[in-house]
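1. please work out how this folds:
(2 chains)
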Protein chains: 2
Amino acid sequence: MASYKLVYFNVMGLGEPIRFLLSYGGVEFEDVRITYSSEDWSNMKPTTPFGQLPTLEINGKVYSQTLPICRYLAKQFNLLGKTDLDTLQIDAIASALYDFRWLTYYRESDPVLKAKKKVDVMTRVIPFYLNKLEELAKNNGGYLHGDKLSYADLFFVGISDSLNTAYESDITNDKPYLKSLKQKVLAIPNIKAWVEKRPKLEF
Amino acid sequence: MASYKLVYFNVMGLGEPIRFLLSYGGVEFEDVRITYSSEDWSNMKPTTPFGQLPTLEINGKVYSQTLPICRYLAKQFNLLGKTDLDTLQIDAIASALYDFRWLTYYRESDPVLKAKKKVDVMTRVIPFYLNKLEELAKNNGGYLHGDKLSYADLFFVGISDSLNTAYESDITNDKPYLKSLKQKVLAIPNIKAWVEKRPKLEF
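-> Presented below is the predicted three-dimensional model:
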């Protein structure tokens, strides 16, 4: 059996979809958590493939980039599509969710610009994305694609708590299909066990 | 044979790696170019899967997100890795190149902040990425992974002209392995024919 070591910061963030996938797959993994502001990270940064975390060590070899890692694990755990075109659609949804997290304001340092961005993000950007996602869940039997569980669903639920904190509201509010999807994913025994034992964090 | 319609703005940007892949594969494609500031785009935006371009219509069905589209085409044209782990590494390189374009300053509206960001990007961020990529090309027989052509190589060369413009210098300067990789890719007959006939643009 392969050995897995995830290295990320001590937040849910982009690490959490990977932790969801590893948990779903029922594999053991080392869950290494680095403090962003620490010397550990400034020493480690130049040694990572592209200066970023998360990385996943698989049998001792380091791989980087969140979505490629998720996609690799999805293939191992049978969470891609039936056809290449189904998989393209699943990849596109995961990729949109990955982009989605950037469409935010909380990294903005100028307080005036931050307030302005926040209004735009809250009233225009987030509702637009969430409506698109809700529509997908509605039209795909309660999943984001193909009437069955895929890694896009695990990515969505894995990243949703960080997004809730960032956006200061539950992103599944008034979105019955997304809410039900989240409940379904959180009820998967391996995911449920992970969520119960994971560190309790805001982001 | 599948029919392909690419919809993007009238720039190279994220559309160009897709155009490279379609050209490499030797398939016909409709190359629709929308003016960003036009009414066409503001009308079209809400109808796209996630409010963004590029999209690729395959046999009349619309798919979105640059990397998933590239990866789908890469699979059709045999440009993924030998093993799933090779493909993970190829995906990670393409994904890093995709992130790379964001690490920039030219979208910054505040001129003081823009100048400050520019110094950081030019002296720290870009050299870091380019050194990592040069190292990969050096250690992989002149390709970014696995001693053979993959879609990561086409992605790199496809996006390189836009990056050159954005960063105000040839990103392959003093990078002999990347320069040679670019020459190799541009010498592929289908790519050469595309580059000769494509609209001549800065970005």
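
2. residue numbers of chain A in contact with chain B?
-> A:46, A:49-52, A:58, A:61, A:63-69, A:71-72, A:75-76, A:84-85, A:87-89, A:91-92, A:95-96, A:99, A:102, A:110, A:113, A:128-129, A:132 (C-beta under 8 Å from any C-beta of the partner chain). C-betas here are computed from N, CA, C, even on glycine.

3. now do 7 Å
-> Counting by C-beta under 7 Å from any C-beta of the partner chain, the residues of chain A close to chain B are A:49-51, A:58, A:63-65, A:67-68, A:71-72, A:75, A:84-85, A:88-89, A:91-92, A:95-96, A:128-129, A:132.

4. PyMOL command for the buried members of those residues?
-> Burial among those is assessed by 16 or more other C-beta atoms under 10 Å in any protein chain shown; the matching PyMOL selection reads:
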select buried, chain A and resi 49+50+51+58+63+64+65+67+68+71+72+88+89+91+92+95+96+129+132
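
5. out of the residues of chain A next to chain B, which sit inside strands?
-> Among those, DSSP state E puts A:58, A:63-64 in strands.

6. quick check: phi and psi on A:Gly146?
-> The phi/psi pair for A:Gly146 (degrees, to the nearest 10) reads phi 70, psi 20.

7. and the pLDDT at it?
-> Listed pLDDT for A:Gly146 reads 97.

8. so who does it touch?
-> A:81-82, A:86, A:140 (C-beta atoms under 7 Å, 6 or more residues apart in numbering or on different chains).

9. distance check, it against B:Arg71.
-> Computed as C-beta to C-beta, to the nearest Å, the A:Gly146 to B:Arg71 distance reads 18 Å.

10. check A:Ile90 too.
-> As judged by C-beta to C-beta, A:Ile90 and B:Arg71 stand 11 Å apart.

11. same check on A:Glu28?
-> A:Glu28 sits at a distance of 29 Å from B:Arg71 (criterion: C-beta to C-beta).

12. same thing with A:Leu163?
-> 25 Å.

13. residues contacting A:Gln76?
-> So A:Gln76 contacts A:Gly25 (C-beta under 7 Å, 6+ apart).

14. kindly report the same for A:Leu21.
-> A:70, A:73-74, A:77, A:151, A:154.

15. is it located within a helix, as I assumed?
-> Yes: with DSSP: H, G, I helix; E, B strand; the rest coil as the criterion, A:Leu21 is assigned to a helix.

16. not counting residues beside it along the chain, what's closest to it?
-> A:Leu73 (4.2 Å; C-beta to C-beta, 6 or more residues apart in numbering or on different chains).

17. isn't the one you found up against A:Gly25?
-> Yes: at 6.4 Å, A:Leu73 counts as touching A:Gly25 under the criterion of C-beta atoms under 7 Å.

18. of those two, which one has the most company?
-> A:Leu73 (25 against 17; other C-beta atoms under 10 Å in any protein chain shown).

19. distance check, the more buried one against A:Ser150.
-> Distance of A:Leu73 to A:Ser150, computed by C-beta to C-beta: 12 Å.

20. next, the closest residue to A:Lys45 other than its chain neighbours: phi, psi?
-> Ranked by C-beta to C-beta, 6+ apart and with sequence neighbours excluded, the top spatial neighbour of A:Lys45 is A:Gly51, at 5.3 Å. The phi and psi values for A:Gly51, taken as degrees, to the nearest 10, are phi 70, psi 20.

21. give me the pLDDT value at A:Gly51.
-> Confidence at A:Gly51, expressed as pLDDT, is 91.

22. no further questions, thank you.
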